[in-house]
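Colleague: Okay, sequence plus prediction incoming.
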Amino acid sequence: VDSGLWFGFLLGMMQLVVSLYWDNPWSLSIGGLIVGLATNWLALKWIFEPVNPLKIGPVVLQGLFLRRQKEVSADFANFF
């Protein structure tokens, strides 16, 4: 889904505002570090957590990899 696009856009806009008001040559580098860490942390959370399926009404939440583990392992076995 396109959630990464919107999440990256939001963090990029916050970084733009910081770089406009904070005249420091390191502001873009520090902002890039923070955006990269936040993106990687969020991606790992979405891929692997929650481990056990969590049912909230009609929606079942489970880590994306864990939910499709059999399909991924079959594709990986066919690849090698």
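Modeller: Thanks, I have it. This is a predicted model, so every value here is computed, not measured.
Colleague: which stretches of this protein have low pLDDT?
Modeller: For the chain, residues meeting the criterion pLDDT under 70 lie at 1-3.
Colleague: which stretches of it form strands?
Modeller: According to DSSP state E, the chain carries its strands in the segments 54-56, 59-61.
Colleague: what's the closest of the ones you listed to Gly8?
Modeller: Counting by Cβ to Cβ, Gly8 lies closest to strand 59-61 out of the strands of the chain; the figure is 22.6 Å. C-betas here are computed from N, CA, C, even on glycine.
Colleague: That closest one: how far from the chain's middle?
Modeller: Its chain's C-alpha centre and that of strand 59-61 lie 18 Å apart, by Cα atoms, centre = their mean, to the nearest Å.
Colleague: Packing partners of it?
Modeller: Applying 3 or more Cβ pairs under 8 Å, 6 or more residues apart in numbering; DSSP states H and E, one finds that strand 59-61 contacts strand 54-56.
Colleague: Need the contact partners of the strand it packs on.
Modeller: Outside strand 54-56, the residues that touch it by Cβ atoms under 8 Å, 6 or more residues apart in numbering are Val60, Leu61, Gln62.
Colleague: Just the buried residues of that strand, please?
Modeller: Of the residues in strand 54-56, none count as buried by neighbour count, 16 or more other Cβ atoms under 10 Å.
Colleague: list the buried ones in stretch 30-42?
Modeller: Within stretch 30-42, judged by 16+ other Cβ under 10 Å, the buried ones are Gly31, Val35.
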